[in-house]
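1. here is the input, now give the coordinates:
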Amino acid sequence: MPVLVITGTNTDVGKTIVTAAVATAALAAGRSVAVLKPAQTGVGPDDPGDAGDVARLAGPVTTAELARYPEPLAPATAARRAGRAPVHPQDIAEAAAKLATEHDLVLVEGAGGLLVRFDAAGNTLADAAALLKAPVLLVASPALGTLNIAELSARELRSRDVELLGVVIGSWPGTPDLAMRCNLEDLPVVSGAPLLGAVPEGAGALAPADFRDEAPGWLAPRLDGTWDAEAFRVREAP
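-> The predicted structure follows:
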């Protein structure tokens, strides 16, 4: 798995923190890691951006961006409004493939959900994943409404013959409600993919040293972690 594409069921579901956790666990396993953010929106020229946040939490990773747009919008819209060139799937695939020649693992973090548009032609992260023949990790909200988006994302990937590696819950609260606890059982069913982790709410606010100590415990062995999905479900079961 030299390239892993990371998307979400929506924006603000914890993609960047999950990306940082995956990078941390891979580094702890002795692998070299690069993080590619194809289109960073909503930040100024001197702001760190999502890839910078991953590096701050995870440690020594290579970071790369293909484009940066000032307004916090979908990449295609942000590029159009800024009068700048958009990012195309081929650009993403070429950049990720190059990074993969120099690193054991390349994490490609999308913007928003799977079908957020990158250019005026309607190309998306799913198109880039198909070009790369890379698996996708879906970061899901634990809350009510997540099942529909998770299933739609999974169906879209299957229609393109792209592997959905699994689902990670991006922000698991300390006091989950009934829907959240039921979703632990239902997310793997509707997505047809295993639950591969649950990152605790507020993890991004941890000091980097604490984040690096704890992150492998949030992810399953498939992602170089020690998290046990069945034990977690039993503990949190309604």
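2. please make it C-alpha for all contacts and neighbour counts, starting now.
-> Fine.
3. can you classify Ala198 as helix, strand or coil?
-> Classification of Ala198 using DSSP: H, G, I helix; E, B strand; the rest coil returns strand.
4. where does pLDDT dip in this structure?
-> 1 (pLDDT under 70).
5. what ranges do the helices span in it?
-> 15-28, 49-58, 75-82, 89-100, 125-132, 146-159, 178-191, 208-214, 229-236 (DSSP state H).
6. out of these, deepest packed?
-> Mean neighbours per residue, mean count of other CA atoms under 10 Å, is largest over the helices of the chain for helix 15-28, with a mean of 26.
7. return the distance of that one from the chain's centre.
-> 9 Å (CA atoms, centre = their mean, to the nearest Å).
8. likewise stretch 57-64?
-> 15 Å.
9. for Gly112, which of the helices of the chain is the nearest?
-> With respect to Gly112, and counting by CA to CA, the nearest of these is helix 15-28 at 8.5 Å.
10. show me what the closest one is packed against.
-> In this structure, helix 15-28 packs against strand 3-8, strand 33-41, helix 49-58, strand 105-113, strand 164-172, helix 208-214, with contacts taken as 3 or more CA pairs under 8 Å, 6 or more residues apart in numbering; DSSP states H and E.
11. hmm, 7 Å instead?
-> For helix 15-28, the packing partners by 3 or more CA pairs under 7 Å, 6 or more residues apart in numbering; DSSP states H and E come out as helix 49-58.
12. looking at the helices of the chain, which is nearest to Val139?
-> helix 15-28 (5.9 Å).
13. with distance to Leu36 added, can I get the helices of the chain in TSV?
-> Converted to TSV, those look like this (distance: least, CA to CA, whole Å):
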stretch	distance to Leu36
helix 15-28	10
helix 49-58	7
helix 75-82	15
helix 89-100	7
helix 125-132	12
helix 146-159	20
helix 178-191	25
helix 208-214	20
helix 229-236	28
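14. of those helices, which is nearest Val35?
-> helix 49-58 (6.3 Å).
15. what's the angle from the closest one to helix 15-28?
-> Counting by axes from the mean of the first three to the mean of the last three CA atoms, to 10 degrees, helix 49-58 points 40 degrees away from the direction of helix 15-28.
16. just the CA trace of helix 49-58, in PDB.
-> The C-alpha atoms that make up helix 49-58 are tabulated as PDB, following Å, rounded to 0.1, in the frame of the first residue of the first chain:
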ATOM      1  CA  GLY A  49      -2.400  24.300   6.200                       C
ATOM      2  CA  ASP A  50      -3.600  20.700   6.800                       C
ATOM      3  CA  ALA A  51      -0.300  19.100   5.700                       C
ATOM      4  CA  GLY A  52       1.600  21.400   8.100                       C
ATOM      5  CA  ASP A  53      -0.800  20.300  10.900                       C
ATOM      6  CA  VAL A  54      -0.100  16.700  10.100                       C
ATOM      7  CA  ALA A  55       3.700  17.300  10.300                       C
ATOM      8  CA  ARG A  56       3.300  19.200  13.600                       C
ATOM      9  CA  LEU A  57       1.500  16.300  15.200                       C
ATOM     10  CA  ALA A  58       3.100  13.300  13.500                       C
END
